[in-house]
Structures are given as C-alpha cells and as structure tokens.
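>>> Fold the following.
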Amino acid sequence: MNPKAAEKLGLAPYDSADYLRDEEDITAYLQAVMAEDSEDPAYLARALGVVARARNMSQLARDTGLTREGLRKALAPDGNPSYATVAKVAKALGFRLTLAPTAAIAVDRQDLTP
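This is a model prediction of the structure:
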C-alpha cells in the first residue's frame, strides 16, 4: 500500500527502525541484510539508514562529521553514498566493514594446502 493510501486510512507507514530496540536487534538486522544481498551497496546504505533512524540521527551525524541532512540524503533509498561515508557510518554505529572469501574461493584455497 502506498503511503498516501495508508494515510487516508489512518494507518502509520511501516518503518523497520521502529522494531530495532537494542543492539542485539540492530546486529541481527544488519546480519540479515548482508545475508540477503551483500553485493548491493545501495541495500546496505538503506539498512544503515534504518539503523540511523532507530538510533539518534543527530548524534550519528556528529560522530561521522556529516550534517544531519547530508547523512539523511546519503542513506535515503535513492541516495548514493561513497564508500567512505558508508564506512564512517558503520564505524560510528559500532560496526566495521570486512571482506570474506566466497565459498568458491575458500574451496580453491583448500586445494593449495600441502
């Protein structure tokens, strides 16, 4: 249902941020996002935007050195943040971006062991 139709019916729009109540919820949410589609940077940026809304967006802006509006735009569904911005936001939220080998690479490496 689109937001205008929901508003006419007196329904509040759904926002995942409303359900991220503690650090455990946030960690589980971000892990699920990465398991769902770890190759789409926009998907990760949107998820970080959800977490930013669940926390204090103003404090996060201060912690990253970005303006609140700049942070909101970067993490919006149509935003296109740089890697540096995504990394700053992740770090300010208490996370770090890491790389892990794909299963195919891990199998290939096993063949190289003596």
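>>> Could you list the low-confidence segments of the protein?
Along the chain, the model assigns pLDDT under 70 to residues 1, 104-114.
>>> now the strands: where do they sit in it?
Using DSSP state E, the chain contains no strands.
>>> could you measure residue 102 against residue 31, distance?
Using Cβ to Cβ, to the nearest Å, we find residue 102 at a distance of 17 Å from residue 31. Where you see a C-beta, it was placed from the backbone N, CA and C, and this is true even at glycine.
>>> And the helices in the chain, which stretches?
Applying DSSP state H to the chain gives helices spanning 3-8, 23-37, 41-54, 57-64, 68-74, 83-92, 103-112.
>>> residues in contact with the fifth one?
Read that as helix 68-74. Helix 68-74 is contacted by residues 45, 49, 52, 57-58, 60-61, 64, 66, 79-81, 85, 89 when judged by Cβ atoms under 8 Å, 6 or more residues apart in numbering.
>>> Between which two of those is the distance greatest?
Largest separation among the contacts of helix 68-74 by Cβ to Cβ: 58 and 80, giving 22.5 Å.
>>> So which of the helices of the chain is nearest residue 17?
helix 41-54 (3.8 Å).
>>> quick revisit: most neighbours out of the contacts of helix 68-74, which is it?
Among the contacts of helix 68-74, the one with the most neighbours (other Cβ atoms under 10 Å) is residue 89, at 26 neighbours.
>>> Let me see the contact set for it.
48, 52, 60, 64, 71, 74-75, 81.
>>> Same question for residue 103.
No contacts exist for residue 103 under Cβ under 8 Å, 6+ apart.
>>> Any figure for the gap between it and residue 50?
Distance, residue 103 to residue 50, by Cβ to Cβ: 28 Å.
>>> now swap in residue 93 and tell me
For residue 93 relative to residue 50 (Cβ to Cβ), the value is 11 Å.
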